[in-house]
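K.L.:
give the three-dimensional model of this entry:
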Amino acid sequence: MPDGATLPELPVEVTENVLDQLRGDSRTLAVCCRVGRDWYPRARYNLYHTVHLDVDNIGKFFKAVTQDPALAELMRDFSLNGLWKSPSTPPDVLRTTNLKILRLNFIDTRNYWLPTLISYATNSVTELSLTHCFTEDVRSLMHFLRTFPHLKHFAAAEMRIQMQPDEETLADIPEFPALRSLCLSGFGGLPLRLVNTFVGIEGALSHLSVLKIKLSMGELARFSQVLVLISDDLGELELMVEPDDTALGPESTPLSLSSCPKLSFLTIDFRLLHPKPISHPDHLAWIPRLLSSVRSKGLRDVKLVMRASGARTKQDIDVFPWAKVARALRAKRFAALRRVVVRIVRGGGMRRFAVAYVKEKLAAVERRGILRCVQTGGSS
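P.N.:
Got it, this is the predicted structure:
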């Protein structure tokens, strides 16, 4: 830039929109803070709006908020990653009074850092995510959640929680937040354990509208019994089902959606090929029967996520009960459908023909102009 040149004057709303798009890019926003007086307020706001802390940058962050404690009040979305032991001494308490979203990754919920970070945020946090975190037992987890009275959205993935015999009977936990959305994945049956516990706490799931859960095939029947208790307001349901050694009969219906009158969005995520195909030739037969159990007249969106690792041929993709699914989707109960998505994850050997094959098998849906089929190489 020539000597004496200045930045062109842009409308304030344009500059702010550009800086808003950089939210989460701390390095670039830090540079923008030094551009000039006009950029500094918005760049500073976005720099501390979304904060991701780990052992590499936490020292620099706390140096900044110690010099200017008001920076913590700008935080809205906060991720804390892997602070199990170090640094050994927490800094002064942060005044995170406006924090809305809290994400903890690889954290013990008893970690002495947490009070420092969230003591001022307990009344403002509405969304909490725990990934690869540890808590002593389910009761301890529920008491931790209870510290956020306005919590609406809770997600837990791959947590380590010891099992206790009374974890499904915790009705004695008072003033528990009323959750609107719940996203649970993990191993060892943990998602179903947590749902059972939430059901036992008065008011915890009485207004649940979004549920995303990972289950094994052997858990579908038990989940169906739980679903009846929490389905009155359920508008979105996402099921990720993993195959196991459960033998389902060709006419069995382990899970029913007949108790979900307000269901609008349904996602079924499944593995196309069973690890033991000879022993379980009909391991996907439950899917068309699940669709046939729908009674909601307002269902708008159906998404089938087909994890197709190892699939290479038309014979592989034909394992899916296409004809029965097509017949189910032609029923009058699906008249309100606006979109049917089939997403094939991996299955690179089928790339040449998969999309055309799906459109042929679901020809009636394709003629309605609402079918979308995509194939991706990543995870679902």
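K.L.:
what helix or strand does Met306 sit in?
P.N.:
strand 301-307 (DSSP states H and E).
K.L.:
quick one: mean pLDDT over that strand.
P.N.:
Summarised as a single mean, pLDDT over strand 301-307 is 97.
K.L.:
which other helices and strands contact the helix or strand following that strand?
P.N.:
Next in sequence after strand 301-307, counting helices and strands by DSSP H and E, comes helix 314-317. The elements that helix 314-317 packs onto, with contact taken as 3 or more C-beta pairs under 8 Å, 6 or more residues apart in numbering; DSSP states H and E, are helix 354-361. Backbone N, C-alpha and C define where each C-beta goes, glycine included.
K.L.:
the bottom helix or strand of this protein by mean pLDDT?
P.N.:
helix 12-21 (a mean of 71; mean pLDDT, DSSP states H and E).
K.L.:
low pLDDT regions in this protein?
P.N.:
1-8, 10, 12-16, 83-92, 163-172, 249-250, 278-279, 378-380 (pLDDT under 70).
K.L.:
can you give me the strands in it?
P.N.:
50-53, 77-81, 101-105, 127-131, 134-137, 153-157, 160-162, 181-185, 210-216, 236-242, 265-271, 301-307, 339-345, 371-376 (DSSP state E).
K.L.:
tabulate those strands (CSV), appending distance to Val325 and mean neighbour count.
P.N.:
Output for the strands of the chain, formatted as CSV (distance: least, C-beta to C-beta, whole Å; neighbours: other C-beta atoms under 10 Å):
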stretch, distance to Val325, mean neighbour count
strand 50-53, 41, 19
strand 77-81, 39, 19
strand 101-105, 36, 20
strand 127-131, 33, 20
strand 134-137, 40, 16
strand 153-157, 29, 19
strand 160-162, 36, 16
strand 181-185, 25, 19
strand 210-216, 20, 20
strand 236-242, 15, 19
strand 265-271, 10, 19
strand 301-307, 8, 21
strand 339-345, 10, 20
strand 371-376, 12, 16
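K.L.:
can you redo those strands as a markdown table with distance to Ser259?
P.N.:
Formatted as a markdown table, the strands of the chain follow (distance: least, C-beta to C-beta, whole Å):
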| stretch | distance to Ser259 |
| --- | --- |
| strand 50-53 | 39 |
| strand 77-81 | 35 |
| strand 101-105 | 31 |
| strand 127-131 | 27 |
| strand 134-137 | 30 |
| strand 153-157 | 22 |
| strand 160-162 | 28 |
| strand 181-185 | 17 |
| strand 210-216 | 13 |
| strand 236-242 | 11 |
| strand 265-271 | 14 |
| strand 301-307 | 18 |
| strand 339-345 | 23 |
| strand 371-376 | 28 |
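K.L.:
which of those sits closest to Asn17?
P.N.:
Evaluated over the strands of the chain, closeness to Asn17 peaks at strand 50-53, with 16.2 Å, by C-beta to C-beta.
K.L.:
strand partners (parallel or antiparallel) of the closest one?
P.N.:
Here strand 50-53 is paired, per DSSP bridges, with strand 77-81 (parallel).
K.L.:
what sits up against the partner strand?
P.N.:
49-54, 96, 99-107, 113, 117 (C-beta atoms under 8 Å, 6 or more residues apart in numbering).
K.L.:
now do the helices in this protein.
P.N.:
12-21, 26-32, 40-49, 58-67, 113-118, 138-146, 190-200, 220-230, 286-292, 314-317, 322-329, 354-361, 363-367 (DSSP state H).
K.L.:
re the thing from before, of all the strands of the chain, which lies closest to Ser256?
P.N.:
strand 236-242 (12.0 Å).
K.L.:
other SSEs contacting that closest one?
P.N.:
Partner elements for strand 236-242 (3+ C-beta pairs under 8 Å, 6+ apart): strand 210-216, strand 265-271.
K.L.:
kindly reformat those as a markdown table containing distance to Arg193.
P.N.:
Formatted as a markdown table, these follow (distance: least, C-beta to C-beta, whole Å):
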| stretch | distance to Arg193 |
| --- | --- |
| strand 210-216 | 11 |
| strand 265-271 | 20 |
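K.L.:
and those strands: which comes nearest Gln225?
P.N.:
Closest among these, once you apply C-beta to C-beta, is strand 210-216, at 12.7 Å.
K.L.:
and the angle for the closest one with helix 220-230?
P.N.:
Put simply, strand 210-216 runs at 160 degrees to helix 220-230, going by axes from the mean of the first three to the mean of the last three C-alpha atoms, to 10 degrees.
K.L.:
got the contact list for strand 210-216?
P.N.:
By C-beta under 8 Å, 6+ apart, the list of residues contacting strand 210-216 reads 153, 155, 180-186, 189, 191-192, 195, 223, 230, 234-244, 246, 267.
K.L.:
let me know the angle separating that strand from strand 181-185.
P.N.:
Going by the same axes, to 10 degrees, strand 210-216 makes 20 degrees with strand 181-185.
K.L.:
and strand 210-216, which strands flank it?
P.N.:
Assessed with DSSP bridges, strand 210-216 is paired to strand 181-185 (parallel), strand 236-242 (parallel).
K.L.:
got JSON lines for the ones you listed, with distance to Phe320 too?
P.N.:
Below are the strands paired with strand 210-216 laid out as JSON lines (distance: least, C-beta to C-beta, whole Å):
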{"stretch": "strand 181-185", "distance to Phe320": "23"}
{"stretch": "strand 236-242", "distance to Phe320": "13"}
